[in-house]
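1. structure, please.
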Amino acid sequence: MATVNYSVPDDVKELFNNAFVGANRSAVISELMRQAAEHELSLKHRREAVDALLAERSKAPRVSRKSARVAREEVRH
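-> Coordinates of the predicted model:
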């Protein structure tokens with residue numbers, strides 16, 4: 001198991017200690033770090049997916065509103 005040292009503001013430390021009295025604070029911090037890291041990686045993957053979609057969209061041929069409307073009507077009938 002690794003040991004990490006981070007500095008936090010005194011009010012955050014006090015709030016944390018009051019919120020988790022009697023808890024295994026190392027386990028709490030470990031779980032919070034895991035959640036934060038997973039959340040950040042999820043956001044990163046979403047950004048990459050959006051960027052990839054936008055890049056592909058820029059390669060798509062332009063279609064006028066009229067052409068799109070005609071195509072929709074053809075599919076509906």
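2. show me where this protein has its helices.
-> Counting by DSSP state H, residue ranges of the helices within the chain are 10-19, 25-59, 65-76.
3. can I get those in JSON lines including mean neighbour count?
-> Using the backbone N, CA and C atoms, a C-beta is placed for each residue, glycine as well. Compiled in JSON lines, the helices of the chain are given as follows (neighbours: other Cβ atoms under 10 Å):
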{"stretch": "helix 10-19", "mean neighbour count": "10"}
{"stretch": "helix 25-59", "mean neighbour count": "10"}
{"stretch": "helix 65-76", "mean neighbour count": "9"}
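4. minimum distance to residue 2: which of those helices has it?
-> Of all those, it is helix 25-59 that lies closest to residue 2, at 10.0 Å by Cβ to Cβ.
5. tell me the angle that closest one makes with helix 10-19.
-> For helix 25-59 against helix 10-19, the angle by axes from the mean of the first three to the mean of the last three Cα atoms, to 10 degrees is 120 degrees.
6. quick check, pLDDT for the residue positioned nearest the centre of the chain.
-> Most central residue of the chain, judged by C-alpha distance to the mean C-alpha position with Cα atoms, centre = their mean, is residue 43 at 2.3 Å. The confidence metric pLDDT takes the value 98 at residue 43.
7. next: residue 1.
-> Per-residue pLDDT puts residue 1 at 87.
8. kindly report the same for residue 58.
-> Confidence per residue is given as pLDDT, and for residue 58 that number is 88.
9. quick one: residues in contact with stretch 28-39.
-> Residues from elsewhere that reach stretch 28-39 (Cβ atoms under 8 Å, 6 or more residues apart in numbering): residue 20.
10. this completes my enquiry, with thanks.
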